[in-house]
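>>> sharing a sequence plus its predicted fold:
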Amino acid sequence: MASIPSISTTSTALLCVDLQACYYQPPITELFPHLESVVTKVLDHCRKSGLNVVHVRQEDRRSLSPWLDWWDQLHPEQVGDLGVPIPLDCAEHRRGEQVFIKNTFDGFLRTGLHDYLRMKKVKTLVVMGLITRACVLNTVMSAFNHGYQVLVLSDGCGDRDRKVHTDILATYNGYNCVVLEADTFMGLEVRKESS
């Protein structure tokens, strides 16, 4: 297993990607029935530990999401099935937690997320969210390309196909991120540092 970077209150942030009601629908709810309880536990742990918590949420708008026309051709059964930035109850942001709205699969593209994380001096991102093959993967790739050390919580993510989810995480684990379960992450020591 690749080495896990140290977790500290000043240089680590939890990044919640598209934990939204419009995405946590069948078949994801059936394939990943424990996702909401995992999200609740991880958020509680990070908040109590003093880690930065950041949210990105998808809002699909034809005027801002140029990929939608091609998406509609590729997925005619989903025409009109647009992302609405309403979080799952378990993933509501709290006062002081930054929320970024994105119009693409990439949490960094035209959102201000990178500038915010740089201002906070974040070096390590812990990622959980929906959907593994889409916005989670794109955001992880972009985080890596921006120079972050990325940890992905396997049971804090979900996809419409369990094999796709498993294969993606296995492919990138140790390549440009480290994949681990939420309980393993929550068992790591959090260094308390003042900024």
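Looks like it came in fine. Numbering: from 1, shown residues only.
>>> buried sites along stretch 166-182?
Residues 168-169, 172-173, 177-180, 182 are the ones in stretch 166-182 that count as buried (16 or more other Cβ atoms under 10 Å). No exception for glycine: its C-beta is placed from N, CA and C like everyone else's.
>>> confirm T10 sits in a strand?
No - according to DSSP: H, G, I helix; E, B strand; the rest coil, the state of T10 is coil, so it is not within a strand.
>>> secondary structure element for the residue nearest to it when sequence neighbours are not counted, which one?
Closest residue in space to T10, ignoring its immediate chain neighbours: E193 at 4.5 Å, by Cβ to Cβ, 6 or more residues apart in numbering. Counting by DSSP states H and E, no helix or strand carries E193.
>>> ok, V39 next?
Counting by DSSP H and E, V39 is part of helix 35-49.
>>> try C22
Applying DSSP H and E, one finds C22 in no helix or strand.
>>> so it versus Q58, what's the distance?
8 Å (Cβ to Cβ, to the nearest Å).
>>> try R95
Distance from R95 to Q58, by Cβ to Cβ: 23 Å.
>>> so these two - more neighbours on which side?
Using other Cβ atoms under 10 Å, the more surrounded residue of R95 and Q58 is Q58, with 25 against 4.
>>> identify the bridge partners of that one.
Beta bridges link Q58 to K102, judged by DSSP bridges.
>>> for it, what are its contacts?
For Q58, the contact set (Cβ atoms under 8 Å, 6 or more residues apart in numbering) comprises 18, 20, 23, 83, 85, 101-103, 135.
>>> cheers, nothing more for now.
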